[in-house]
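Sequence plus the predicted model coming up.
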Amino acid sequence: MFAQCRVYGILDTGYVPPERLKEKCRALLAGGAGIVQLRAKKESPAQRRDILSQIFPLFEDSSVPLILNDDLETALAFPRVGLHVGQDDLPVAQARAALGPERILGLSTHSPAQAQGAIAQADLLDYFAVGPVFATPTKPDYTPVGLELVKYVAGLNPPLPWFCIGGVKRENATEVIAAGAQGLVAVSDILLADDTAEAVRRLADA
């Protein structure tokens with residue numbers, strides 16, 4: 001499933017107002033996003049649970065996985081919802097132990113050492129992300145890793161599926177792909193598009 005996924009969509013509440021979250025999620029799926037992650041960093045656990053309650057029905061008859069960013073307890077409250085963690089979040093081994101073997105678990109990496117660390121935990125992870133490739137308002141405090149890290153990770157030929165994130169847009173997708181990206185994660189470029197479904201299709205076409 002992950003090997004065939006080219007576009008990983010993130011439903012980020014920093015870009016989408018509450019009343020449009022379900023609409024935008026539906027558009028991500030209609031455009032062909034192979035994975036969808038809910039990223040609601042500023043919301044409370046109760047608010048994240050409410051958002052998941054709204055969008056979860058969209059995935060009940062879909063093979064597309066729904067992932068929650070960094071909230072294990074809320075993820076576990078819904079069937080099949082996976083978890084994505086960062087370097088400073090819940091350790092991978094602890095997250096996997098709580099999730100069990102069936103739910104999806106992903107990890108963010110920002111350096112060669114962290115990418116190697118993800119690969120070393122291939123028995124616990126389902127995928128990992130590399131970035132931010134370019135400067136991005138989504139992660140303003142993170143220094144871009146550039147295309148060099150993408151080339152480095154591609155050269156490792158990871159046994160895990162991996163995705164490039166951070167400032168990835170339709171306009172620069174070919175650069176990231178040329179550097180060796182296996183899959184792309186886009187946030188603002190597709191969420192802020194008037195036609196999000198078409199934006200996802202164009203990114204996938206790249």
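Thanks, I have it.

For Leu160, see how far away the nearest residue to Tyr142 once chain neighbours are set aside is.
Once its chain neighbours are removed from consideration, Tyr142 has its nearest residue in Pro132; the separation is 5.2 Å (Cβ to Cβ, 6 or more residues apart in numbering). From N, CA and C alone the C-beta is placed, and that goes for glycine too. Applying Cβ to Cβ, to the nearest Å, the value for Pro132 to Leu160 is 19 Å.

So Leu149 is in contact with Ser111, correct?
Yes - using Cβ atoms under 8 Å as the test, Leu149 is close enough to Ser111 to be in contact (7.2 Å).

Comparing the two, which shows the higher neighbour count?
For Leu149 versus Ser111, the count of surrounding residues by other Cβ atoms under 10 Å is larger for Leu149: 22 against 13.

give me the element the more buried one is part of.
Following DSSP states H and E, one finds Leu149 within helix 146-156.

list the buried ones in that helix?
Burial within helix 146-156, assessed by neighbour count using 16 or more other Cβ atoms under 10 Å, is assigned to Leu147, Leu149, Val150, Tyr152, Val153, Ala154.

which residues does the last one contact?
Just to be clear, that refers to Ala154. Residues in contact with Ala154 (Cβ atoms under 8 Å, 6 or more residues apart in numbering) are Ala179, Gly180, Ala181, Gln182.

mind running it again at 7 Å?
Taking Cβ atoms under 7 Å, 6 or more residues apart in numbering, we find Ala154 in contact with Ala179, Gly180.

which element is Val64 on?
With secondary structure defined by DSSP H and E, Val64 is part of neither a helix nor a strand.

if we can go back for a sec, of the buried residues of helix 146-156, which is the nearest to Leu105?
Out of these, the one with the shortest distance to Leu105 is Val153. That distance is 18.5 Å, counting by Cβ to Cβ.
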